[in-house]
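>>> 3D, please:
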Amino acid sequence: MINSEIDTELYAYLGQICNSHNCQSILINGIANHVHILCGLSRTLTIANLAEVIKTGSSKWLKTRSTDLLKFSWQNGYGVFSVDWRNAEAVKSYIAGQKEHHVKVTFEEEYRKLLRDLGVAFDERYVWD
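Have a look, this model is predicted:
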């Protein structure tokens, strides 16, 4: 549902949400079915709290942008991965290249592989809710 007519504005808005909660926004990008956010995490906010304020705030904002988005909602879950700052440039490059990258591999295929590679047990019934 995130199309090229709204994506740049959305990514900027997501960055504002992060920054307003003392979570320095570094890079945000995605494709129609998901978004990557590289940001710092405030010492006073949990990851769950940050995900909640990002999803709640951006959902409300998106619904004001177009009648096509009146029923927009993020999925219930989310994935969070820590980044070693020595690898930040590689992560930024990966996030910046989302549109080109996902021509080759779907988000779902890539996410499953990432979880397997990291040894994270998951249940398909709950990953895509």
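
>>> okay, CA-based contacts and neighbour counts for the rest of this
Fine.

>>> can you give the contact residues for stretch 85-100?
Counting by C-alpha atoms under 8 Å, 6 or more residues apart in numbering, stretch 85-100 makes contact with Leu27, Ile28, Asn29, Gly30, Ile31, His36, Leu38, Val83, all of which sit outside it.

>>> buried stuff in the helix or strand containing the fourth one?
In this case it means Gly30. According to DSSP states H and E, Gly30 maps onto strand 25-31. Under the neighbour-count criterion of 16 or more other C-alpha atoms under 10 Å, strand 25-31 has Ser25, Leu27, Ile28, Asn29, Gly30, Ile31 buried.

>>> so what's Cys39 closest to, chain neighbours aside?
Nearest-residue entry for Cys39: Ser25, 4.4 Å, with adjacent residues in sequence omitted and distances by C-alpha to C-alpha, 6 or more residues apart in numbering.

>>> and the one you found, how far from His36?
When C-alpha to C-alpha, to the nearest Å is the yardstick, Ser25 and His36 sit 11 Å from each other.
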